[in-house]
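Enquirer: Show me the folded form of this:
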Amino acid sequence: RVFLGFVHKLMSRTRSTWDDRLFERRVFHQLASVAPALVVYVGIDWALSIGDSASAAATVTLTSWENFLFAGATFVRRVSLAWVVIALTTAAGRLLDALNDIYSATYKEARNRPIKGYLQVISLFLYVATGIIVISIVAGRSPVLFLSGLGALTAVLMLVFRDTILSLVASVQIMSNDMIRIGDWVEMPQAHADGDVIDIALHTVKIQNWDKTISAIPTHKFISESFKNWRGMSESGGRRIKRSIYLDMNSVHFLSEDEFARLSRFEFLHEYLGAKQKDLEIANTRQMSGKGIKPDSRRLTNVGTFRAYVWHYLRGHPKIHQEMTLLVRQLQPGTQGLPLEIYCFSNDTDWANYEGLTADIFDHLISSLPEFGLDAFQEPAGRDLKILRASS
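Expert: Numbering: from 1, shown residues only. Predicted structure coming up:
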């Protein structure tokens, strides 16, 4: 307590925060526990008034009280030395945790290049080495003997530490290839994970899903299985809008002269309809008969004009990314009508803003359908059936 109190006072006088991280991770608490073990290690022989030489032990019989004390003192010395090794290793492990905290709080690059996985690998080797050293100290044997014995148990160790080895390899590949970072939006359907990465460790990657639950996925799964990282979308500055309006094909028709004149007053269609009219007049000159228009002559349709309106509307929208793909296309007609798909990118990747922009665009487009004589397709619902029944 005296040592910890002195360290705490000393750290409170400094302006740096790294020493606070060391104290929070209890590094000095583990170092303080070394002192009692060292006192026991050094003072056990003096307290019992015996020597620790092997020759002294050999001069007494196994049944003598002094030999019993010598054996007990040897055991206590070994245990206290093992305790010192364990305490130092624990302090080193907590020092690595403190280094990770300092790195994460100090460097902006820590979000993109976390070192937690590498530090955990170092901790793993430290604890394995400590285990071998502690066993050799307590048994009174050289660590080399235990290491030679481990060679015969390689197959067993490979089986026991299979997940650790896979995670180690996966962590190195993930970091070196920059596959995932803390803060990335990651989607892995087979693991029911869809959210932000909040932690990348040696054995697991933690993902906070959008419902605020936490998914812990083995690190090696990100190498052996597929997943989707949405970081590219965020970095590109554009988020895709891909949605269709289903049109009732019964409302598709050629434009009448009145409709043409009315739609020509639209800002987005004035130049388009003027240029289209000239093109159609040139193309149909050879097809004109004495009276009327031939069935195969080219004419403007309301759905084609609406498609052009949507394209020009999106081209002039300040929230649409003009450097990325912009398409307004018809898809395969089906039982749900004629799909008119809008394919473009917003220049705001924020989720809430993106959804608001998408809703605003389609609110406007659906409300504009009657101006072109078009109807949106909608499957009959309860109210529709009541109207049909009442009218019959």
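
Enquirer: how many neighbours does Trp360 have?
Expert: Small correction: residue 360 is Asp, not Trp. Close neighbours of Asp360, defined as other C-beta atoms under 10 Å, add up to 12. C-beta here means a position set from N, CA and C on the backbone, and glycine is covered the same way.

Enquirer: And the pLDDT for it?
Expert: You'll see Asp360 listed with a pLDDT of 96.

Enquirer: Buried ones in whatever helix or strand it lives in, by neighbour count?
Expert: Element membership of Asp360 [criterion: DSSP states H and E] is helix 351-368. Applying a neighbour-count criterion of 16 or more other C-beta atoms under 10 Å, one finds Tyr354, Leu357, Thr358, Ile361, Leu365 buried in helix 351-368.

Enquirer: helix or strand right after that helix?
Expert: Proceeding N to C from helix 351-368, the next assigned helix or strand is helix 382-391, under DSSP H and E.

Enquirer: which stretches of this structure aren't confidently modelled?
Expert: Counting by pLDDT under 70, the chain contains low-confidence ranges at 1-13, 16-17, 45, 47-69, 111-112, 149-153, 283-284, 286-297, 384, 392.

Enquirer: domains of it?
Expert: 2-152, 237-284+299-382 (automatic domain parsing).

Enquirer: what's the first-to-last distance across the last one?
Expert: Spelled out, that is domain 237-284+299-382. One end of domain 237-284+299-382 to the other measures 43 Å (C-alpha to C-alpha, to the nearest Å).

Enquirer: next helix or strand past the lengthiest helix in the chain?
Expert: When the chain is parsed with DSSP state H, its longest helix is helix 65-106. Next helix or strand after helix 65-106 toward the C-terminus (DSSP H and E): helix 116-139.

Enquirer: between that next one and helix 65-106, how big is the angle?
Expert: Going by axes from the mean of the first three to the mean of the last three C-alpha atoms, to 10 degrees, helix 116-139 is angled at 180 degrees with respect to helix 65-106.

Enquirer: Contacts for helix 116-139 next, please.
Expert: 78-79, 81-82, 85-86, 89, 92-93, 96-97, 99-100, 142-143, 145-147, 150, 164, 168, 171-172, 174-175, 199-203, 219 (C-beta atoms under 8 Å, 6 or more residues apart in numbering).

Enquirer: Let's see that with 7 Å instead.
Expert: Residues outside helix 116-139 that contact it (C-beta atoms under 7 Å, 6 or more residues apart in numbering): 78-79, 81-82, 85-86, 89, 92-93, 96, 99-100, 142-143, 146-147, 164, 168, 171, 175, 200-202.

Enquirer: Just the buried residues of those.
Expert: Buried among the contacts of helix 116-139 (16+ other C-beta under 10 Å): 78-79, 81-82, 85-86, 89, 92-93, 96, 99-100, 168, 171, 175, 200-202.

Enquirer: just to revisit the earlier point, which of the buried residues of helix 351-368 sits closest to His253?
Expert: Closest approach between these and His253, by C-beta to C-beta: Leu365, at 19.1 Å.

Enquirer: Would you confirm that that closest one contacts Arg307?
Expert: No - look at Leu365 against Arg307 with C-beta atoms under 7 Å: they stay out of range, at 10.7 Å.

Enquirer: Common neighbours of those two, please.
Expert: Going by C-beta under 7 Å, 6+ apart, no residue sits against Leu365 while also sitting against Arg307.

Enquirer: ranges for the helices of the stretch 201-350 of the chain?
Expert: Applying DSSP state H, counting those that start in this stretch to the stretch 201-350 of the chain gives helices spanning 221-224, 231-236, 257-263, 270-284, 302-315.

Enquirer: Show me which positions of the longest one end up buried.
Expert: So the one you mean is helix 270-284. Within helix 270-284, the residues scored as buried using 16+ other C-beta under 10 Å are Tyr272, Leu273, Lys276.

Enquirer: do you know how far the second one is from Leu255?
Expert: Here the distance between Leu273 and Leu255 works out to 9 Å (C-beta to C-beta, to the nearest Å).

Enquirer: Equivalent analysis for the first one, please.
Expert: Distance, Tyr272 to Leu255, by C-beta to C-beta: 12 Å.

Enquirer: Good, wrapping up.
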